[in-house]
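K.L.:
What shape does this take:
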Amino acid sequence: MSLRALHYVLKVTDRTVTVGFLRDVLDMHPLRHEEFAEGCRAACNGPYDGKWSKTMIGYGSEDRNFVLELAYNYGVKHYQYGNGLGYIKILSKAAFKTAQESGVGRELDLNILEVKDPDGHTFRVINEEPSDAGPVSSLCLRVTSLEKAADFWCDCLGLLEVDKGSSPVPFITLSTGADQATLRLAQLPEGEEVTHGTGYGRVAFSCPTGQLGAIQEAAQAKGFTVLRPLVKLDTPGKATVEVVILADPDGHEVCFVGDEAFRELSQVDESAPQLLGKAIAQDNSKVWFEERSKRRKTDEAAPPAVPAAAAAGATTTPALPVTPPAAAAERPAGKDGSAAAPPPAKHATKPGSPHASPAKAAGAAAAKAGGGGTLAAAPAGPRASPSSLSAKPHKGGGKCTSS
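P.N.:
The predicted structure is shown next:
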């Protein structure tokens, strides 16, 4: 089968801060931006059924570059991030110089910087010119067994092993083509499991639409998990794409999308920075949560009042809670002020699979913890105001329609 590496999905909690970091520290730029009134049928935004957005960001056209998809769920204040994502590798002298001058991150070796975005996702920036694959040259995911992972990625999906080693940990590097970003699988220490939390990611590939059914059948025949059988997804005003979602043996989500429609859908949109800035300016969920947090602190500090009716022995009717904004109203609020996730979509899963679906685990964890735990500590990138998101024009070129 013919596969093309497309993007990796990162769930983010603050678009202004994250985009500002990726732009000002790593020299990326928004390629297209879309808003959705309800959750994705293929759980692209995770197990959330409310309003969300996606922002594709990177170094150039998705036809020629591996990029990032920033998934933002309105009203979700925190995610719990697991250990599944190792790092995203970037080859760029310009990004290396910018990151170094920003004083962000740490030096792993000569000409190698490791930096973390505001949510704690790790990037390794190499002081080299980009390869044929473009600046984002590799995605590293952690696995518990290289042998089991190879059964899925190589034997079932047909990726080629182009490198292997044991330092600093056992790994294999897989490829879908010489001009494509590679996939590095790094083995965790024995006894350590891959965790996904509520902020898990998803890697996406495209293939000819006619091959999607064969990918699904091959996975089913070999006993691998099919999270979402072949389904059509609509984007208002744009092309309809067909996708199949699988999970590898460690629960990493893998999306396959029909290439023909996706190329039409993923054209660079010159207005992406303006669309993103407008959406951020209209998003009042952050203000709402800050105000609610202040109200709770005030209530906790005040002594409890005993209603007169209660003192007289009569029953009282509790006051209705203040309604949260937009999509947050569709989910019960967690104790930490975040919006808890609804039950995940009912995916088809392999019976008895211990890694059937991080979406399912995320839904349960988010419902229990109110949308996730405390964010991993990370140096904050430069902050950007919504209006400043359009200040830096992208270098991707091409006349655009968005996806």
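K.L.:
what does the model give G398 for pLDDT?
P.N.:
G398 carries a pLDDT score of 35 in this model.
K.L.:
hang on, I meant S175
P.N.:
98.
K.L.:
how many neighbours does E128 have?
P.N.:
Per other C-beta atoms under 10 Å, the neighbour tally for E128 reads 15. All C-beta atoms are positioned from the backbone trio N, CA, C, and that covers glycine.
K.L.:
Then F205?
P.N.:
Counted with other C-beta under 10 Å, residues neighbouring F205 total 22.
K.L.:
Let's see the pLDDT reported for it.
P.N.:
pLDDT at F205 comes out at 98.
K.L.:
count of residues packed around the nearest residue to it once chain neighbours are set aside?
P.N.:
Once flanking residues are discounted, F205 sits nearest to L3: 4.6 Å by C-beta to C-beta, 6 or more residues apart in numbering. L3: 20 surrounding residues under other C-beta under 10 Å.
K.L.:
same question, T240
P.N.:
The burial count for T240: 12, using other C-beta under 10 Å.
K.L.:
Might one say that it is in contact with A261?
P.N.:
Yes - shown here, T240 and A261 form a contact pair, counting by C-beta atoms under 8 Å, at 6.4 Å.
K.L.:
rewinding a little: quick check: the residue nearest to F205 vs G158, distance?
P.N.:
L3 sits 7 Å away from G158, taking C-beta to C-beta, to the nearest Å as the criterion.
K.L.:
Give the residue spans of the chain that score low on pLDDT.
P.N.:
286, 288-289, 292, 303-403 (pLDDT under 70).
K.L.:
And the helices in it, which stretches?
P.N.:
15-24, 93-102, 146-150, 212-221, 259-265, 272-282, 285-301, 308-311, 358-369 (DSSP state H).
K.L.:
Reformat those as a markdown table; add distance to L139.
P.N.:
Converted to a markdown table, these look like this (distance: least, C-beta to C-beta, whole Å):
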| stretch | distance to L139 |
| --- | --- |
| helix 15-24 | 15 |
| helix 93-102 | 16 |
| helix 146-150 | 14 |
| helix 212-221 | 19 |
| helix 259-265 | 18 |
| helix 272-282 | 22 |
| helix 285-301 | 30 |
| helix 308-311 | 59 |
| helix 358-369 | 16 |
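K.L.:
Nearest to P130, out of these?
P.N.:
helix 93-102 (9.1 Å; C-beta to C-beta).
K.L.:
For the closest one, buried residues please.
P.N.:
95-96, 98-100, 102 (16 or more other C-beta atoms under 10 Å).
K.L.:
repeat for stretch 168-182
P.N.:
Quick answer for stretch 168-182 (16+ other C-beta under 10 Å): 170-176, 180-182.
K.L.:
I'm done for today, thanks for sticking with me.
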